[in-house]
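Asks: Sequence below, structure please.
(chains A and B)
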Number of protein chains: 2
Amino acid sequence: MNGAEALIATLVASDIELCFANPGTSEMQLVAAIDRVPGMRPVLALDEGVVTGAADGYARMAGKPACTLLHLGPGLANGVSNLHNARKAGSPVVNVVGDHATYHLAFDAPLTADIEGIARPVSHWVKTSATAAELAADGAQAVAAAGGVPGRVTTLIAPADAAWTELPADYVLPAPIAAPALPQVDADSLAATVAAIRAARRPMLLLGGTALVGEALMNAGRIAAHCGLTLHAETFNRRLQRGAGRLPLVPLPYRGEIALELIADVDLMVLVGSKRPVAFFAYPDKPSVLVPPGCTVHAFAAPDEDVPAALAALTAALGASAAAPVLQAAQLPPMASGKLDTLAIAAVVARHIPAQAILVDESITGSLPAQQMSIGSAPHDYVQLCGGSIGNGLPLAVGVALGAPGRKVICLEGDGSAMYTIQSLWTMAREQLDVITIIYANRSYAILNFEFDRVGGGPQGPKAHDMLSIGKPVMDFVAMARGMGVNGARAETAEELDALLAEMVRTPGPHLIEAVFG
Amino acid sequence: MNGAEALIATLVASDIELCFANPGTSEMQLVAAIDRVPGMRPVLALDEGVVTGAADGYARMAGKPACTLLHLGPGLANGVSNLHNARKAGSPVVNVVGDHATYHLAFDAPLTADIEGIARPVSHWVKTSATAAELAADGAQAVAAAGGVPGRVTTLIAPADAAWTELPADYVLPAPIAAPALPQVDADSLAATVAAIRAARRPMLLLGGTALVGEALMNAGRIAAHCGLTLHAETFNRRLQRGAGRLPLVPLPYRGEIALELIADVDLMVLVGSKRPVAFFAYPDKPSVLVPPGCTVHAFAAPDEDVPAALAALTAALGASAAAPVLQAAQLPPMASGKLDTLAIAAVVARHIPAQAILVDESITGSLPAQQMSIGSAPHDYVQLCGGSIGNGLPLAVGVALGAPGRKVICLEGDGSAMYTIQSLWTMAREQLDVITIIYANRSYAILNFEFDRVGGGPQGPKAHDMLSIGKPVMDFVAMARGMGVNGARAETAEELDALLAEMVRTPGPHLIEAVFG
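Replies: Numbers count the residues shown, from 1 in each chain, chains lettered A, B, ... in the order given. Below is the predicted model of the structure:
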């Protein structure tokens, strides 16, 4: 057994069963090990942004880390922006990055780079293993440090000689290491929160992270019903269970001024798996902190604490355990007709979401309509970009499909955003993932036209206009999908979109619809 | 005038006239400034790997820095791997990266990241400007630190508030700062080199960097003719002038064992703009340093010194100024026929290279045949990946086309490599660049099958085989090209490739040919 085999065996023993990969020469020993050690499923992607974004999506649904296999510093660098997103989403991801043999580094070969330096800005834990035995031991540490959900990004650097060196015959694999238990909210904090809620005139819980699924979410509903308080989710959420029979939860809107208006009369904001809300960007004449005047922010449970346990304790302490949460009725928007826009797309999609579907939303300017229209759709998980680096949606769709097999995935995707990681389509085809991708083809970085004004860009001249427009040349997403083995079709009206979705929801994917408008 | 306008005006005054861009909200002031300040041409790309790879290519041909405009940490991160390549190629690139307003950083908004940390592994110079006035002053510094050719990567971080703050009415733009002069080779080193060459039995010059163009290259040829010494280029070169009427220079082969065989009897290796040759990767039973036993390595001019001046001085000191270099005769390979392989593609391409074309080569396993077949083609510039991070070729083609307008670009590109930055095709169409891209569609990471054996991967099982194969599903590059506005066609035989190239060389581009084989 060599170092690479010991590492892969240790990862498998640590319950890592899937590896998103784009390997190169320095990772060939690890590829060989994946071949020889049973239990690890490799999923190949053509670009590392797909690898890391898919790992994020997988972790969100599987509730445990995915592993990535990346080619030295440059391969890792290509995955950094989606690791940034994974980090902000609290997704556990274990990166395994190959490196030159330790003795080869001194010669400064072309691919030599500061891998630890590239890893550090997005990694909670970084280590380069010096020997074959260290590699497996560090692998166990990397999984433990990544944790469960919420979790962290860890990066293990595997020099080629550590990977290919044979271990002694009496070598024993390291035992898996349990992730440290999540911090618990203590009794004092619980009592203070109960007191603050009872004293407030218009209290609100701001839910985020692990508060948004399962029993935790239902407990929030019980508290809301019992205490008459308001619930909101953060603007961007890793995984939110919603639809008919679930809480009618409204995320805080992206535009700070609208968010502030919505919660204008709140006098107590209790943070439950969430952070104090702040503006996505700074603007010359707008506030950075989105808390209304006179509202106290009360930190109850931080995103990296045991939020479900905290909510259970709070429910009991408030005497809300028997309360019946207000649940959303099943209710579909009326069918749209004629030309498409973000409202029409949202309406048609909302009518076709199958029960237990996963809705991945990176439609940017389409997100608010999509949320509004689908609130009474069949129950589904809603998965969003959490770190703001666009190009997350298509890889997330790959990952959630693999992390929750048997569930339909619908991915709402801006045309500009899609193009950062369009290579995802190939992995969808290769793995025959049950994903319907809907491209919002407005041929514009639409959000930027809006933001240009908000930051005081003044009147747009031709160069500025051109830099925000992606309609020259017009992209043909149906052709690109076909080029990567994905069935595609174009819709220009609500009726066309409706017919395509009806067919594609019935037929296992992958599929792509280019929804043309604007 | 605000900080953004002052920065753009300073860049223009510093002779930066082109900006490869993928901006977001935090860069909208800079977009507005490019609009208002005359003299800066923005070139939009859909992915930051295209932005930075194109900047590398532009710098190689224009001989001065290109500027990039990138969206905070994640946007920069997406460009890091091609900045790694630019750094290894000695290309001057000035990155301008937006950031949140300084006061907004404390709130940890989704896109907040350690931008300096992301920049540092690939940047010679990194600075965050605190104010509007600093922004322009730092811009002048960033250009100076990037230098000319050879040059460096510099990264200037522009907080949104520095960009939008108005400067006082009496503000004066900073004066452009000249790049520091390149270090010169001193008289002692020159004398020692002359003595070493005269004393050697089989001396060789290893040429790299700026030794490979113009008068520097011809001086190397004069020295070779006068002293009877051997010339080689490094394995990977930023820009090599070759073809009929130029030196018949052979780069050292990628495979170390073949390189060592080629230079087995050399007893003196003089480094001229090059570094001591090392293996691209380490292998369990192969040497890292590619210098034959008994050969002395003599460092004459380092890549970042004034190599052309050093070569001129060496030519004079050796008395070789009047020598006539041996030049390559015009000579085309015979036409290939039938099914394609790397040899047949290389032969057909070699016959169609127009005079003064630029050949960008990221065909990986196709490179050696391409070099051999085209040695007597019409004179052309040959541009390669220098940092080993694949996904450089298509962006380089974008950049060289913009850096040397009026010259035909032919880009030889592996299918696997192409898919990292396939978005380049859209920028080729948008800017109507005269580029013919030839995709080597062997549906495999062919180099990795070869490397798997070399690192001792053992017999390939099904998972390993699958991870090196990209033929499931088969990609249709013609469809993808069409999807991004580029005219495409497929060739399966030498005759088809020949007919397509004949037509495309006549017709201004962009074009793409999918050359199917394997």
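
Asks: tell me how far stretch A:250-260 is from the chain's mean position?
Replies: Here stretch A:250-260 is found 20 Å from its chain centre; the criterion is CA atoms, centre = their mean, to the nearest Å.

Asks: repeat for stretch A:390-408
Replies: 9 Å.

Asks: Check which residues of it are buried.
Replies: Residues A:390-404, A:407-408 are the ones in stretch A:390-408 that count as buried (16 or more other CB atoms under 10 Å in any protein chain shown). Where C-beta positions appear, they are placed from N, C-alpha and C, glycine not excepted.

Asks: Keep only those of those that are in strands.
Replies: Residues of the buried residues of stretch A:390-408 located in strands (DSSP state E): none.

Asks: and chain B, which of these reach it?
Replies: Checking the buried residues of stretch A:390-408 against chain B by CB under 8 Å from any CB of the partner chain, the ones in range are residue A:391.

Asks: Chain B contacts on the stretch 101-250 of chain A?
Replies: Counting by CB under 8 Å from any CB, the residues of the stretch 101-250 of chain A near chain B are A:101, A:103-104, A:107-111, A:113-114, A:117-118, A:120-122, A:160-161, A:164, A:236.

Asks: 10 Å - rerun?
Replies: A:101-122, A:159-161, A:163-165, A:234-236 (CB under 10 Å from any CB of the partner chain).

Asks: Which of those residues are buried? Put it as a ChimeraX command.
Replies: To isolate the buried ones among these in ChimeraX, judged by 16+ other CB under 10 Å, type:
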select /A:101,102,104,107,109,110,111,112,113,115,116,117,118,119,120,121,122,159,160,161,163,164,165,234,235,236
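
Asks: circling back: mind checking which of the buried residues of stretch A:390-408 land in helices?
Replies: Counting by DSSP state H, the part of these found in helices is A:393, A:394, A:395, A:396, A:397, A:398, A:399, A:400, A:401, A:402, A:403.

Asks: For the closest residue to the last one other than its chain neighbours, what are phi and psi?
Replies: It refers to residue A:403. The shortest distance from residue A:403 to any non-neighbouring residue, by CB to CB, 6 or more residues apart in numbering or on different chains, is to residue A:61 (3.3 Å). The phi and psi values for residue A:61, taken as degrees, to the nearest 10, are phi -90, psi -40.

Asks: For residue A:61, give me its contacts.
Replies: Listed by CB atoms under 10 Å, 6 or more residues apart in numbering or on different chains, the contact set of residue A:61 reads A:149, A:239, A:358, A:381, A:383, A:396, A:399-405, A:407, A:409.

Asks: So which of these sits lowest on pLDDT?
Replies: pLDDT is lowest at residue A:149 among the contacts of residue A:61; the value there is 90.

Asks: That one against residue A:209, yeah?
Replies: Yes - counting by CB atoms under 10 Å, residue A:149 sits close enough to residue A:209 to count as a contact (8.5 Å).

Asks: May I see the buried residues of the helix or strand bottoming out on mean pLDDT in chain A?
Replies: When each helix and strand of chain A is scored by mean pLDDT, DSSP states H and E, helix A:446-454 comes last, with a mean of 85. By neighbour count with 16+ other CB under 10 Å, helix A:446-454 contains the buried residues A:446, A:447, A:448, A:449, A:451, A:452, A:454.
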